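# Mind looking at a prediction? Sequence and model below.
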Amino acid sequence: MSSVRTLLEEILVQTAEDWSDVSWIVGLAHGETSDPARAHQLALEAIVEGLSAGLLVGGDLAEDGFHPWPGDPDSAVLRVRRAWSELDGRDPEPDSIGWFDLTPAGEVRAQEIESREA
């Protein structure tokens, strides 16, 4: 991860290329700290921030593509927090909580981040 990017910025830039799952995001966070509990906290905070700010949308991935979860960002945050609590400190497996795509605002933000670094 670039030292000038926050974890959320890295998530946005990478998700502009392909959907992101929670296990990949936790992997990014592990690159920021050697403390597994802190990595989980950083990942959860970044996901919640992205959802709450309307930059990310949560959903499920199926053979025919990405399917956003119904409801508003607050319900997505609640869903992620609830599933996260069931991990009991374990790293999530791919598909264990959900996947993320960019909203139109997230796409704009990802482009801004890349332009800033160009």
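Yep, that arrived. Predicted model only: the values in this text are computed from it and were never measured. Numbers count the residues shown, from 1 in each chain.

# OK, contacts around I113?
I113 is in contact with 5, 9, 12-13, counting by C-beta atoms under 8 Å, 6 or more residues apart in numbering. Every C-beta, even on glycine, is put in place using the N, C-alpha and C of the backbone.

# Taking those, please make a PyMOL selection of just the buried ones.
Listed next is the PyMOL selection for buried residues among the contacts of I113, using 16 or more other C-beta atoms under 10 Å:
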select buried, resi 9+12+13
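
# Need the max-distance pair from the contacts of I113.
Using C-beta to C-beta, the contacts of I113 span at most 9.0 Å, a distance reached by R5 and L12.

# which strands and helices sit next to the longest helix seen in the chain?
The residue-count maximum for a helix in the chain (DSSP state H) belongs to helix 36-52. With contacts taken as 3 or more C-beta pairs under 8 Å, 6 or more residues apart in numbering; DSSP states H and E, helix 36-52 sits against helix 7-15, helix 22-30, strand 56-62, helix 73-85.

# how about the ones you listed, which one is nearest V48?
Of all the helices and strands packed on helix 36-52, helix 73-85 comes closest under C-beta to C-beta, at 5.3 Å.

# chain center to the closest one: distance?
12 Å (C-alpha atoms, centre = their mean, to the nearest Å).

# again, but for stretch 21-36
So, by C-alpha atoms, centre = their mean, the centroid of stretch 21-36 is 11 Å from its chain's centroid.

# mind listing what's buried in that stretch?
So, applying 16+ other C-beta under 10 Å, buried residues of stretch 21-36: 21-22, 24-26, 28-30.

# Return the member of these nearest to S115.
Nearest to S115 among the buried residues of stretch 21-36, with distances taken as C-beta to C-beta, is L28, at 21.4 Å.

# Wait, the closest one touches T6, no?
No: in this structure, L28 is not within contact of T6 by C-beta atoms under 8 Å, at 10.7 Å.

# Which residues are in contact with the residue most central in space within the chain?
The C-alpha lying nearest the average C-alpha coordinate of the chain belongs to I47 (C-alpha atoms, centre = their mean; 4.3 Å). Applying C-beta under 8 Å, 6+ apart to I47 gives the contacts 11, 22, 25, 56, 80, 100.

# for the first one, what are its contacts?
Shown here is I11, whose contacts under the criterion C-beta under 8 Å, 6+ apart are 20, 25, 28, 46-47, 50, 56, 100.
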